[in-house]
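> my questions concern the predicted model and sequence given below.
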Amino acid sequence: MRLLTVIEFDLILVNSYKLNDYLPSPWLFNHMVVRVTINDRSQFIDPTFSNQGGDIRDLYFPYYGNALVIKPKTDVEDTPMNFDGKTKVVEQYKLLDDNRSRLVVTTVHSGYQADNNRNILNSMSRTALEKNYLDYYTKLHPGITRIDTVKIKDNLADNQIEIIESYEISKFVKEEESTKKKYLTFFASDMFQQIPVINSSRLAPIYLSFPYTGEYEVQLISKQAKDIHNPPLFIDRDSYTLGKSIGVSGDTLKMNFQMTLHKPVVEVDEIPEFLDDFGNTEELFSYSYYLNDDGSIGYAIGGIQRISWLVVFISCLTLTLCGFVCYRWNQKEDFGKIGPHYYEVPQIGGWLIFFGLGLVVALLRTLIEFFNIGFFNSGLWSAYDTFGVSQGILFRAIAGFELILSLITISLLVFCIYLFFKKRDIFPKVALSLLAVLFLGPLIDLMLVKWSGLVFSEESEDYLELIRPISFSLIWGSYLLKSERVRDTFVTKYNNQYQYDSETTVSTQSERTKDEL
C-alpha cells in the first residue's frame, strides 16, 4: 500500500515592520513568500533568495517580522527567527623577524552566512575579490602584500564556504611615540563593525545587524608569551551575548572573540546596559602587547594605556593662555553700561537663577565628558592607527581640536560662574562669548568629522548631539540680550563698585548736601 504524501502551498504576505501597530491595509505589505506544508510539517521559503545551499529542510528564511497567510479567516503571525549560520575568522600571524610577519586568514561561512557570501562571491571577478580583501587588510596593516591567490572552497551540500588568504606584512611592529617601545595591536574589526555607536541620551531603540553569529580568533606564533593574565569576559544580555578570552599554547598566543546578536533591536530600557557593555568598543575588540627585546611579548591590560605627556603639556599651555586672557578680561569694565537707579545692587533672581544653575551643570557635564573621553591616555591617540596612517593623522587632528575646544569651554564656564556670582558688568559679554563657543564648537567639529570621512557614530546621532548646545545658546543668548534684569543686576566694576545712572547720582548727592547744611 502506497503512502499518500500531501503537499500544501500557501502564499504569504510579509513586511519587516510591526503590522499590529497599524490599521489593516493591503498596502502595508512589501514582499511575498511561500509556506510549504508536507505531512503536517510547515516551512517558510523565500523563492527570491538565490544560491542557497544545504538540505531543503534547512533552507535559511530571513526574519521578515509579521506575516499574513492569504486564506480566509487568518490572522497576522510572526515569521520564525533563524539563527542557523555562523562566520568564523582565524587570523594567524607568524613573526619572521623584527618587523615582518606572515598572515594567513581562514574564514568559514556556514548556514545563512554562506548563502549571503555566496551571492557576493558569484557576482565578483576573482581579481576584484582579491583586491577587496587586500584593501581591507591594508587599512589594518599599511605595509601588506598578497603572496598567494585567494583560495575558495564552496561545499554546497553542507552549505559551507571556506576562504583562505595569504599575506606578508613588512611593517608589522609599531612604536609608541612617547616611550619608543615596540608593540603589537590586534583588532577584531569584523565584530567591531557590527556594533553601532550611540550617545548616552538616545531615546529610541538600537537596531542591530540581526542575525549575526561570529567567532574571531587571532593567533600569534612567536616565542613563549609572558605576563598573559587577562581574565575571560562574558556578557549575556537579552539581545546579544559576547565572550572574550586569551590563552597561550606552546609558541602560539590565541585571542578569541565570540558574539551573537539574537534580536533585531535593543529596547530603550536596555540601552544603559548596552552603553556599559560597549562604551569603549576599540578596547573591547582589541588586544595590545609590548614586544620585548628577546622577541617575546608582554600583555598590557586594556591595551597600550599610558599617559601622553605631550597632551598634558598642550593642555597646561592651553589652560595657561586661557587663564591669562580671563585675568586680563576681568580687569576690563563695560563703560557703556547704565546701571540701576538705586545704590544697592539687586539680588540674583528670576530666570537668572536657572541660568546660573545651567552654567554649573554645563561645567560638571563638560568635565565628566572630558575625563571620560580620556584625552590624556596615549591609547586614544593611537586608536585610529588600526585603520591606516592617513586616517590616524586625521583622527589626531580632530581629537586635538576637540581637546582644545573642551579646555576653552571649561575655562569660559569657570570664568562665567565667577563673574555671575560677582555680578560683574562684563558678565553678559563673556556669557555671550561662551554661548558662541557652545554654538559654533560642536558644529565645526561635526563638519570636520564629515569632511574627514571618519566614522564615530550614526549620522542621526551626530545631528542629535547638536540640539542641546545650540538650543542652550539660542535661548539664553536671546535672554541675555533682551532682559532688563540682566542689565540691572550685572553692574559691579572691577574695583568692587557698582555703576548707576549719573543723573540719579547728581540729584541724590545734592539732596545729601542740603540735609547736611
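In hand now; what should we look at? Not measured: the values here are computed from a predicted model. Numbers count the residues shown, from 1 in each chain.

> would you list the phi and psi of Phe439?
Backbone torsions of Phe439, given as degrees, to the nearest 10, read phi -80, psi -50.

> how about Arg146?
Main-chain dihedrals, Arg146, degrees, to the nearest 10: phi -80, psi 130.

> helices of the stretch 151-300 of the chain, residue ranges please.
Per DSSP state H, counting those that start in this stretch, the stretch 151-300 of the chain carries helices over the ranges 189-192, 271-277, 281-284.

> give me the helices and strands touching the second one, please.
Going back to what we said before, that points to helix 271-277. The helices and strands touching helix 271-277, judged by 3 or more CB pairs under 8 Å, 6 or more residues apart in numbering; DSSP states H and E, number zero. Backbone N, C-alpha and C define where each C-beta goes, glycine included.

> what comes up buried for it?
Across helix 271-277, burial judged by 16 or more other CB atoms under 10 Å covers 271, 274, 277.

> please work out how many residues are found near the nearest residue to Ile70 once chain neighbours are set aside.
Closest residue to Ile70 apart from its sequence neighbours, by CB to CB, 6 or more residues apart in numbering: Leu11 at 4.6 Å. Residues lying near Leu11 (other CB atoms under 10 Å) number 12.

> what's in contact with whichever strand or helix holds Leu11?
Assigned by DSSP states H and E, Leu11 belongs to strand 7-15. Outside strand 7-15, the residues that touch it by CB atoms under 8 Å, 6 or more residues apart in numbering are 28-38, 44, 64-71, 79.

> next step: the residues you listed restricted to helices.
Assigned to helices by DSSP state H, none of the contacts of strand 7-15 qualify.

> just the buried ones from those residues, in PyMOL syntax?
The buried residues among the contacts of strand 7-15 can be selected in PyMOL (16+ other CB under 10 Å) with this line:
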select buried, resi 29+33+35+44+64+65+66+67+68+79
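
> that older thread, tell me the one of the buried residues of helix 271-277 nearest Phe210?
The nearest member of the buried residues of helix 271-277 to Phe210, counting by CB to CB, is Phe274 at 14.1 Å.

> quickly note the distance from that closest one to Asp488.
Phe274 sits 49 Å away from Asp488, taking CB to CB, to the nearest Å as the criterion.

> and Trp351, how many neighbours?
Per other CB under 10 Å, the neighbour tally for Trp351 reads 12.

> among the contacts of strand 7-15, which lie within strands?
31-38, 44, 66-69 (DSSP state E).

> next, the distance between the ends of stretch 90-108.
Length of stretch 90-108, first residue to last, CA to CA, to the nearest Å: 9 Å.

> list the buried ones in it?
90-95, 99, 101-105, 107-108.

> of the residues you listed, which one scores lowest on pLDDT?
Minimum pLDDT across these is recorded for Asn99, with 80.

> pull the contacting residues for the closest residue to it other than its chain neighbours.
Excluding the flanking residues, the one nearest Asn99 by CB to CB, 6+ apart is Val173, at 4.9 Å. Val173 makes contact with 98-99, 182-184, 291, according to CB under 8 Å, 6+ apart.

> if we go to 6 Å?
Applying CB atoms under 6 Å, 6 or more residues apart in numbering to Val173 gives the contacts 99, 182, 291.

> which of the helices and strands in this protein ranks last by mean pLDDT?
In the chain, no helix or strand scores lower on mean pLDDT, DSSP states H and E than helix 502-516, which sits at a mean of 41.

> would a markdown table of the ones in strands among the contacts of strand 7-15 with pLDDT be doable?
Formatted as a markdown table, the ones in strands among the contacts of strand 7-15 follow (pLDDT from 0 to 100):
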| residue | pLDDT |
| --- | --- |
| His31 | 87 |
| Met32 | 89 |
| Val33 | 91 |
| Val34 | 91 |
| Arg35 | 90 |
| Val36 | 89 |
| Thr37 | 86 |
| Ile38 | 84 |
| Phe44 | 89 |
| Asn66 | 80 |
| Ala67 | 85 |
| Leu68 | 85 |
| Val69 | 87 |
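
> give me the below-cutoff pLDDT ranges for the stretch 1-150 of the chain.
1-4, 16-21 (pLDDT under 70).

> run a quick neighbour tally on Leu440.
14.

> that one: which element?
Counting by DSSP H and E, Leu440 is part of helix 427-452.

> picking up where we left off before, which of the buried residues of stretch 90-108 lies closest to Asn495?
Nearest to Asn495 among these, counting by CB to CB, is Asn99 at 65.8 Å.

> any idea how far Val218 is from that closest one?
For Asn99, the distance to Val218 - CB to CB - is 19 Å.

> now do Ile368
34 Å.

> of those two, which one has the most company?
Each of Ile368 and Val218 has its neighbours counted (other CB under 10 Å); Val218 has more, 20 against 10.

> for stretch 72-88, C-alpha coordinates in CSV please.
Listed next in CSV are the C-alpha coordinates belonging to stretch 72-88 (Å, rounded to 0.1, in the frame of the first residue of the first chain):
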residue,chain,number,x,y,z
PRO,A,72,-9.9,33.1,4.7
LYS,A,73,-10.1,33.7,8.4
THR,A,74,-6.4,34.1,9.0
ASP,A,75,-4.6,36.5,11.4
VAL,A,76,-1.2,38.2,11.3
GLU,A,77,1.5,36.0,12.7
ASP,A,78,5.3,36.2,13.3
THR,A,79,7.8,34.6,11.0
PRO,A,80,10.4,32.4,12.7
MET,A,81,13.8,33.7,13.7
ASN,A,82,16.5,31.6,12.1
PHE,A,83,20.0,31.6,13.7
ASP,A,84,21.4,28.7,11.8
GLY,A,85,24.5,30.4,10.4
LYS,A,86,28.0,31.5,11.6
THR,A,87,31.1,33.2,10.4
LYS,A,88,34.4,32.1,11.9
